[in-house]
Every structure is written in C-alpha cells, then in structure tokens.
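Chemist: Prediction below, plus the sequence it came from.
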Amino acid sequence: KAGVTQTPRYLIKTRGQQVTLSCSPISGHRSVSWYQQTPGQGLQFLFEYFSETQRNKGNFPGRFSGRQFSNSRSEMNVSTLELGDSALYLCASSWGQGSTDTQYFGPGTRLTVL
Amino acid sequence: AQSVTQLGSHVSVSEGALVLLRCNYSSSVPPYLFWYVQYPNQGLQLLLKYTTGATLVKGINGFEAEFKKSETSFHLTKPSAHMSDAAEYFCAVSENGGGTSYGKLTFGQGTILTVHP
C-alpha cells in the first residue's frame, strides 16, 4: 500500500509570494491533517480535513488555508509569505474515526522563504 | 489546554545500553498517547500508541512504553540500543473526545537520541 505522498519536496519562495503544497493520503483514508515543524516552535497543528470539510483548526493566521478534494487529496496554501513561514510542512492521513486513530505522515515539504 | 513535556532535548547512550526517553503530559482527562520517530529528512513514523487497556504497550523495533496515570507519564524504553535507533523521538497526545480533538496531535519538543559505538 502506498504511503502518504507530498509534493513538492522542496520549495524556495520570496517574501510576499504565495505557495500551494499538495498531499495525497493513503488509499481509503478520509482525514488529512497538516503540521508545521520548525526548530523553534516544534511541531504545530495547522488544520484537519475530513470528507472535504475542515473539522479542526490550529492557532495560525488566516494566511494559512487548506482544502480537500473528493478523492481526499488535500492542499494547503500560504499567502503573503513571511520569513518565519520557513519550515517543514508535514501532512498526515488517517481513517478519521476519532482520537485513537493512527496518523501516517508523509515525508514533508521543506519551504524556504527568502 | 493539553501540553506535553519531554525531559531532555538530547539523550546519548552507548550501543547495547538501556534507552529511556521521558514524556509527561498535562490534561484534565487522560488523553491518548503516541510515540513517533523521525529520521533525518523524513516524516514521522509511529512507534507505539496507548488508547485503552494494558498500560504497558509494545511497539516496533523493540520499543515499549508504560502509561502511568498517577504520574501523568508515558516514558519510552528499549532494553538495548542499536546504532540504527539514532533519530529524533516525539511524544504526542490526542484529546479524548470529539470536536477540537479531530485530527489534532499535540507534540512534545522532541528528544534527539545519539547512540555511541
């Protein structure tokens, strides 16, 4: 069974630009969660989507948004990039049945903002 | 709000020695608990999780963890370290309930494990 895939793996942008990251979950999984990982703040939850609906959201500004498609693939978008947005962005998929679900992580997209 | 504390950002052991990585959580309701491992330039891989039942949980690669409610702890152990165990380890919790718990893991700051020959 194929794992979670994320594209692109590496991305370099400049301040003020916007970026879209993509995540393809494990086949059959309907929940996709997104996390930001930085050396200073660690791993922080961005949002979760299930059946094309955002069910949960972390404490990030509105510049961070996401969506999920009918095939459960998900994208996240960051507008008006800031230097502090440089991070590893991880997505994770699960069945979406509840808090005991195991989340399976992709390899991440490394975003560098110059 | 939930929080997770991992004592020791760096732990160094010799090959063959006991590995002990500490994790304490803060939650009004016992959460569900997870340990993940991250190798360089990779995503996170689940080692083990505790949801209900037996408090001693066995995971992959010889790791195990014990849930101690009275101590609000979920420490990770391995009897004998191997060079391939060198990585960063994260303890995480999810809330016991719906609503704001959907799809959300709260992570500790991570512990980098170094294994010396």
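Modeler: Looks like it arrived, so ask away.
Chemist: rest of the way, CA atoms for contacts and neighbours
Modeler: OK.
Chemist: burial of residue B:60, as a residue count?
Modeler: By other C-alpha atoms under 10 Å in any protein chain shown, the residues close to residue B:60 number 9.
Chemist: so what pLDDT did residue B:29 get?
Modeler: pLDDT for residue B:29: 74.
Chemist: Next up, the contacts around the residue in chain B positioned nearest to chain A.
Modeler: Shortest chain B-to-chain A distance, computed as C-alpha to the nearest C-alpha: residue-wise this is residue B:43, at 4.1 Å. Residue B:43 sits next to A:90, A:105-108 when contact means C-alpha atoms under 8 Å, 6 or more residues apart in numbering or on different chains.
Chemist: Can you say which two of those are spatially most distant?
Modeler: For the contacts of residue B:43, with distances taken as C-alpha to C-alpha, the pair at the greatest spread is A:105 and A:108 (8.0 Å).
Chemist: The contacts of residue B:43: which ones sit near chain B?
Modeler: When the contacts of residue B:43 are filtered against chain B using C-alpha under 8 Å from any C-alpha of the partner chain, the residues retained are A:90, A:105-108.
Chemist: Which one of those residues is nearest to chain B?
Modeler: Each of the ones next to chain B among the contacts of residue B:43 was checked against chain B using C-alpha to the nearest C-alpha; the closest is residue A:107, at 4.1 Å.
Chemist: SS state for that closest one?
Modeler: At residue A:107, secondary structure determined by DSSP: H, G, I helix; E, B strand; the rest coil is coil.
Chemist: How many residues are close by residue B:53?
Modeler: Counted by other C-alpha under 10 Å, the residues lying close to residue B:53 total 7.
Chemist: For it, what are phi and psi?
Modeler: According to degrees, to the nearest 10, the main-chain angles of residue B:53 amount to phi 90, psi -140.
Chemist: Then residue A:84?
Modeler: When quoted as degrees, to the nearest 10, the phi and psi of residue A:84 stand at phi -70, psi -10.
Chemist: nearest spatial neighbour of it, skipping sequence neighbours?
Modeler: Once flanking residues are discounted, residue A:84 sits nearest to residue A:113: 7.7 Å by C-alpha to C-alpha, 6 or more residues apart in numbering or on different chains.
Chemist: Give me the phi and psi angles of the one you found.
Modeler: Dihedral angles of residue A:113 (phi, psi; degrees, to the nearest 10) stand at phi -110, psi 120.
Chemist: Next, the contact list for it, please.
Modeler: The neighbourhood of residue A:113, defined by C-alpha under 8 Å, 6+ apart, consists of A:12-15, A:81-86.
Chemist: Of these, grab the buried ones for PyMOL.
Modeler: Those of these that meet the burial criterion (16 or more other C-alpha atoms under 10 Å in any protein chain shown) are gathered into one PyMOL selection, given here:
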select buried, chain A and resi 13+81+82+85+86
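Chemist: burial count for the nearest residue to residue B:71 once chain neighbours are set aside?
Modeler: Here the nearest residue to residue B:71 in space, its sequence neighbours aside, is residue B:24; by C-alpha to C-alpha, 6+ apart that works out to 7.8 Å. Per other C-alpha under 10 Å, the neighbour tally for residue B:24 reads 20.
Chemist: Please identify the helix or strand for the closest residue to residue B:34 other than its chain neighbours.
Modeler: Closest residue in space to residue B:34, ignoring its immediate chain neighbours: residue B:49 at 4.3 Å, by C-alpha to C-alpha, 6+ apart. Per DSSP states H and E, residue B:49 falls inside strand B:44-50.
Chemist: Helix or strand next in line after that strand, which one?
Modeler: Next along the chain after strand B:44-50, taking DSSP H and E as the criterion, comes strand B:56-58.
Chemist: how about that following strand: buried residues?
Modeler: Residues of strand B:56-58 classed as buried under the neighbour-count rule (16+ other C-alpha under 10 Å) are B:57-58.
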